[in-house]
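Participant: Structure for this input, please:
(chains A, B, C and D, ligands or ions: 2)
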Amino acid sequence: MTLPFDVDAVRADFPILETEVDGHPLVYLDSGATSQKPRAVLDAERDFLERANAAVHRGAHTLAAEATELFEDARVTVAEFVGAEPEQLVWTSGATAGLNLVAGSLGYAGRLREGDEIVVTEAEHHANLIPWQELAARTGARLRHIPVLDDGTLDMHAAADLIGERTRVVAFTHVSNVLGIVNPVAKLVTLARGVGALTVLDACQSAPHLALDLPASGVDLAVFSGHKIYGPYGIGALWGRDEVLEALPPFTTGGSMITTVTLDKAEYLPPPQRFEAGTQPVSQAVALAAAVRWLGQHDLEAAHAHEAMLEKRMREGLRSIPGIRLLGDTDAADRVALQAFEVEGVHAHDVGQFLDSRGVAVRVGHHCAQPLHRRFGMTASVRASAAIHTTEAEVDTFLDAVSGVRGFFGVSA
Amino acid sequence: MTLPFDVDAVRADFPILETEVDGHPLVYLDSGATSQKPRAVLDAERDFLERANAAVHRGAHTLAAEATELFEDARVTVAEFVGAEPEQLVWTSGATAGLNLVAGSLGYAGRLREGDEIVVTEAEHHANLIPWQELAARTGARLRHIPVLDDGTLDMHAAADLIGERTRVVAFTHVSNVLGIVNPVAKLVTLARGVGALTVLDACQSAPHLALDLPASGVDLAVFSGHKIYGPYGIGALWGRDEVLEALPPFTTGGSMITTVTLDKAEYLPPPQRFEAGTQPVSQAVALAAAVRWLGQHDLEAAHAHEAMLEKRMREGLRSIPGIRLLGDTDAADRVALQAFEVEGVHAHDVGQFLDSRGVAVRVGHHCAQPLHRRFGMTASVRASAAIHTTEAEVDTFLDAVSGVRGFFGVSA
Amino acid sequence: MSGLESLYQELILDHAKNRRGFGLADPGAHSATVHQRNPVCGDEITLRVDVEGDRVASVTWEGAGCSISQASASMLVALLQEDGGDEGMPRADAEALIASFREALRSRGKIPLDEETFADAAALSGVSKYTARVKCAMLAWVALEEGLRQA
Amino acid sequence: MSGLESLYQELILDHAKNRRGFGLADPGAHSATVHQRNPVCGDEITLRVDVEGDRVASVTWEGAGCSISQASASMLVALLQEDGGDEGMPRADAEALIASFREALRSRGKIPLDEETFADAAALSGVSKYTARVKCAMLAWVALEEGLRQA
Ligand SMILES: Cc1ncc(COP(=O)(O)O)c(C=O)c1O
Ligand SMILES: Cc1ncc(COP(=O)(O)O)c(C=O)c1O
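Facilitator: Ligands and ions are numbered 1, 2, ... in the order given. Below you'll find the predicted structure:
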């Protein structure tokens, strides 16, 4: 059953939103870092642990059978959430683990060598940059970067030049965690396919806000994290096309991913199990399924419209405050409700502290995207990111607090 | 405050122990696979998520500061639990991840080459075997095995011969997850140190049952899993000596483990952060700390005596049932209350199913130790493993059920 | 009948002890030999199917495993022999049987196996409520399916 | 005084704007140059300390960061200059100051910094309640500690 979108009803599902900070109601604008978790998710995990907890895929006892079913049902649910088949969904401990799995496995498979090229963008989160640096360093491949233009969009002319016959992998984020801009996935996929390169999508910041159909997107592999889509820590997923996963060797090895093991050699199960060494985050998988089911209960079109309204209000509000510099301030791209900015004359850390004294929680720093900050000539920024439970009034509280920053720190306008 | 050991009081802390299976009270003898979780652990995690959840080590807001403190306090608590300093404790997603980290990092560091040798035992869990097979295959090193004797103990004469000047790594389990036998750590460490080899201890099955002092044990590195010590899934730890961790490069890379990142190169933080790429299992760390605090509340000497009594009762009881063959039936070693066995003429899977119909949950199969089963001429066994909440009466229920197996399946005694 | 007794019916324990078709026959002109394994419990089967024209001429097997997996293989052979007679069952019929068997076993107790169609193997109906055991019962049937594809 | 105002006292904002010791002096005969960085927020400092005999002759620095980190560096220089006079502060005294400063900042508001000992830097007392900001305030002091070790 689909519920009509009602932000107050949504808020009532999040126990933590009742918190007060320094006497002010909490205004949580840090969902881009980690989302809060609705009661349905907390309940699902607890219920599992109190009723059905047991080792999965092992043993014949009733609890184990029940746990295994819930665990595999969770895979079906989360796979459906991204338009995929359960066999294509590999549990990971998070997006970072998923990206390392892909880069590491390509390395072990000997799929890259000297002269080959890996292409990323200048806007990547460190999680979608450093594993490729390491892979390049280990294989002799060259790492290249699609530059970001002044308005925060990718330089697609440069992309067309960069992606060439030496390109083996094109790895890029769906939505930048600093700019909030949705990248042109289809165009990048076309360029990559044209040269037979593998595409890897970082869907961390899109999964909570956009409807995903990964198979239809054209990419070969994609990752996301549970804790950013109203689910638990310690779980995420790697999605891959059948033939792409099939061709990858395991990255980590251990129990539950094998068929026959002798002292000298192991044979591995097909995907997804091949990539799931050791005891999996079972209760977290169950809870992540609860999260996407919870999300799916709502009228998501209305929810996305709500978030689009917040995005506009936030960006326009910030623009109208003197001394604010936005990162990636453009109308020429789709966006999510996430905005990084600088307050001239006041360090991001001080801005964050000031906002916190008004109950407003934002993130300050480089947001794990140092190269992008450097490209904009800064080391740190302030980032506000909304979620499905964010209200217009909260955005206004945030904007009001931002207006007070320069006055408090004695910086003239 | 230390509570006197009272198994009924302990049981009251575990909601799942009230479950019924097929009209019988659940007798959970599968703690070796995964332990059940006391209410204190479930409460700690939920409380964190409802009150203090935020991204750690990032941002200045109040929630983030609180979350960071709780997360780092958890590290102190869990480190103390194994006698260590917090800087020596790396969070992992579990023991398998920890062992892959060590093997993978040694590989990336170029610490092994052709002609070098890695020594494991024949009793290893696949998690402490396959990563070394893969490392050997990638580096040209040779993997060797300390054999297991008929009584389940290690052939220490062979060990003394095997561990020689070519040995670079000796990796072994503290307690076998099939035999329940405690390995002679000090002797293995002496042999390894004598030739300058690194020692890696798999403490998965000892951490829940024995008092650990890892620094004093003499090993260089050790791993364990949270879900086996009354804590959550999705978290575990790698412990290492300062200088050993210092010398290891990162295995996975991403956010939160770096100092400076350019488009081409990253510089890494010192341990433990160097090994903790990406968002960590924050609520799970807090809950794992709650688990070891919960455990520490009890009179652990009395608890260990209780488990020793269970072990004896279980083993002697099984021995007295006709047609039972025990794996590793010896008094010549320390043990934990975990016993694998075979019922002659009845497949392990059928035994498990029969026990389940009496409410008794055991594990059947190869328990991720195929080589050890092969060594004893079998492909599968039945394993019963007790925990701090197991009662004498439960062991008796189990024994009584085992006595009925051969009759039910029409196998004559 | 308790849950356990409906799972382990007398007929199942009998077949598990007196296994029809056990012992691999020499390969024929159009035969395929298939190895299947259940990685969870280590059960394995090697099954050889001999095809003549569009008929399943013979099925033999070897393997080790739990009573469900052993009985199921034995019952499969019995079914093919009884229904196929001397000529052997038409290949398409065998494939259809495997498909309905799978459907019933995955139905969590909703679809029973009728005796008319499945003969002794109908006694495996009870397995479908034990999701962890479905793979045991399917092992031989999956092996035959694979064998028919190859032969 | 609200929490925020006790954290950002007037004196702190002043020091953050008029930074004492800002701009690296030429290295002396016994000087060390140290770079420190707070990876969380990207704050950094380069600090140069000049030692003569057992005295801290001069401390200069450059860097960028939040007002707490900038003010703290400036206050550290002011303290060394005021207490050390023309001769410079005895090295052992500087080390002791750093140690007590650290202790107070890590005390979560329990140990205040007294003005007698810490001069303007006493205004940083409020930081110790904000655990996420302790590193900001410590940055320059840790750099000096490291510099004294090297010089
Ligand atoms: C001895 C031993 N080592 C390693 C492991 C692997 O632990 P995990 O699956 O939690 O990574 C286990 C448990 O499965 C074990 O018993
Ligand atoms: C765009 C992007 N990619 C990757 C990550 C890494 O995700 P995680 O830390 O959950 O592994 C994040 C979040 O930190 C992100 O925003």
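
Participant: Spatially, which residue comes closest to the residue in chain C that chain A sits nearest to, not counting chain neighbours?
Facilitator: Distances from chain C to chain A, computed as CB to the nearest CB, single out C:Ala132 as the nearest residue at 4.3 Å. Heads up, the C-betas are built off the backbone N, CA and C, glycines and all. Nearest-residue entry for C:Ala132: A:Ala65, 4.3 Å, with adjacent residues in sequence omitted and distances by CB to CB, 6 or more residues apart in numbering or on different chains.

Participant: re the thing from before, got a pLDDT number for the residue of chain C closest to chain A?
Facilitator: The pLDDT attached to C:Ala132 in the predicted structure is 85.

Participant: what about it, distance to chain D?
Facilitator: The spacing between C:Ala132 and chain D, counted by CB to the nearest CB, to the nearest Å, is 47 Å.

Participant: residues near that residue, how many?
Facilitator: Here the neighbour count serves as a burial measure; for C:Ala132 (other CB atoms under 10 Å in any protein chain shown) it reads 25.

Participant: swap in C:Glu87?
Facilitator: Applying the criterion other CB under 10 Å, we find 11 residues in the vicinity of C:Glu87.

Participant: how about it, what does it touch?
Facilitator: Contacts for C:Glu87 were tallied using CB atoms under 8 Å, 6 or more residues apart in numbering or on different chains; they are C:Arg55.

Participant: Point out where chain C drops to low pLDDT.
Facilitator: Along chain C, the parts satisfying pLDDT under 70 run over C:1.

Participant: What segments of chain A are helices?
Facilitator: In chain A, helices defined by DSSP state H lie at A:7-12, A:39-51, A:62-81, A:95-108, A:130-139, A:156-162, A:185-194, A:214-217, A:242-246, A:282-297, A:300-319, A:348-357, A:370-375, A:392-408, listed in chain order.

Participant: Tabulate these (a markdown table), appending mean neighbour count.
Facilitator: Supplementary listing: the helices of chain A in a markdown table, determined by neighbours: other CB atoms under 10 Å in any protein chain shown:
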| stretch | mean neighbour count |
| --- | --- |
| helix A:7-12 | 15 |
| helix A:39-51 | 20 |
| helix A:62-81 | 21 |
| helix A:95-108 | 27 |
| helix A:130-139 | 22 |
| helix A:156-162 | 16 |
| helix A:185-194 | 18 |
| helix A:214-217 | 18 |
| helix A:242-246 | 15 |
| helix A:282-297 | 24 |
| helix A:300-319 | 18 |
| helix A:348-357 | 27 |
| helix A:370-375 | 22 |
| helix A:392-408 | 18 |
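
Participant: Of all the ones you listed, which one comes closest to A:Thr259?
Facilitator: helix A:242-246 (15.2 Å; CB to CB).

Participant: about what we covered before: tell me how far the residue of chain C closest to chain A lies from A:Leu135.
Facilitator: C:Ala132 sits 40 Å away from A:Leu135, going by CB to CB, to the nearest Å.

Participant: what do you get for C:Gly28?
Facilitator: Relative to A:Leu135, C:Gly28 is positioned 51 Å away (criterion: CB to CB).

Participant: who does the residue nearest to A:Arg274 when sequence neighbours are not counted bridge with?
Facilitator: Across the structure, with CB to CB, 6+ apart as the measure, the residue nearest A:Arg274 apart from its sequence neighbours is A:Tyr268 (4.8 Å). Listed beta-bridge partners, A:Tyr268: A:Ile258 (assigned using DSSP bridges).

Participant: From what I see, A:Tyr268 and A:Ser256 are in contact.
Facilitator: No: between A:Tyr268 and A:Ser256 there is no contact, the gap being 10.7 Å when judged by CB atoms under 8 Å.

Participant: what separates C:Gly65 from C:Cys136, distance-wise?
Facilitator: In this structure, C:Gly65 and C:Cys136 are 7 Å apart, going by CB to CB.

Participant: Spit out the residues that contact those two alike.
Facilitator: Taking CB under 8 Å, 6+ apart as the contact rule, the neighbours common to C:Gly65 and C:Cys136 are B:His349, C:Asn38, C:Cys41, C:Asp43.

Participant: would the third one count as being in a helix?
Facilitator: No: remark: C:Cys41 does not belong to a helix; assigned using DSSP: H, G, I helix; E, B strand; the rest coil, it is coil.

Participant: List the contacts of it.
Facilitator: By CB under 8 Å, 6+ apart, the contact list for C:Cys41 reads B:Ala348, B:His349, B:Val364, B:Gly365, B:His366, B:Ala380, C:Gly65, C:Cys66, C:Cys136.

Participant: Any idea how many residues pack against the last one?
Facilitator: This means C:Cys136. Other residues lying near C:Cys136 total 29 when counted by other CB under 10 Å.

Participant: my guess is it is in a helix, correct?
Facilitator: Yes: residue assignment for C:Cys136, taken from three-state DSSP, places it within a helix.

Participant: sorry, back to before: from A:Ala64, how far out is the residue of chain C closest to chain A?
Facilitator: From C:Ala132 over to A:Ala64 the distance is 7 Å, taken as CB to CB.

Participant: Same check on A:Asp73?
Facilitator: With distances taken as CB to CB, A:Asp73 is found 15 Å from A:Ala64.

Participant: One more: A:Arg46?
Facilitator: According to CB to CB, A:Arg46 and A:Ala64 sit 19 Å apart.

Participant: Over to A:Phe341?
Facilitator: Counting by CB to CB, the gap from A:Phe341 to A:Ala64 is 51 Å.

Participant: same question, A:Asp396
Facilitator: For A:Asp396, the distance to A:Ala64 equals 52 Å [CB to CB].

Participant: was I right about C:Asp54 contacting C:Arg91?
Facilitator: Yes: counting by CB under 8 Å, a contact exists between C:Asp54 and C:Arg91, whose distance comes to 5.0 Å.

Participant: More neighbours: these two, which one.
Facilitator: Neighbours per residue, other CB under 10 Å: of C:Asp54 and C:Arg91, the larger number sits with C:Arg91, 17 against 11.

Participant: if I read this right, that one contacts C:Val59, doesn't it?
Facilitator: No: contact between C:Arg91 and C:Val59 fails when scored by CB under 8 Å: they sit 11.9 Å apart.

Participant: returning to what we had before: now the shared contacts of C:Gly65 and C:Cys136 as a markdown table including distance to ligand 1?
Facilitator: Listed next are the shared contacts of C:Gly65 and C:Cys136 as a markdown table, based on distance: CB to the nearest ligand atom, whole Å:
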| residue | distance to ligand 1 |
| --- | --- |
| B:His349 | 19 |
| C:Asn38 | 19 |
| C:Cys41 | 16 |
| C:Asp43 | 21 |
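
Participant: can you name the two of these that are farthest apart?
Facilitator: Checking the shared contacts of C:Gly65 and C:Cys136 against each other with CB to CB, the farthest-apart pair comes out as B:His349 and C:Asn38, at 9.2 Å.

Participant: Pull up the overlap in contacts between these two.
Facilitator: Residues touching both B:His349 and C:Asn38 (CB under 8 Å, 6+ apart): C:Gly65, C:Cys136.

Participant: can you list the residues of chain A near chain D?
Facilitator: A:22, A:346-350, A:353-354, A:357, A:364-366, A:370, A:373, A:379-380, A:408-410 (CB under 8 Å from any CB of the partner chain).

Participant: Let's see the pLDDT reported for A:Met1.
Facilitator: According to the prediction, A:Met1 has pLDDT 60.
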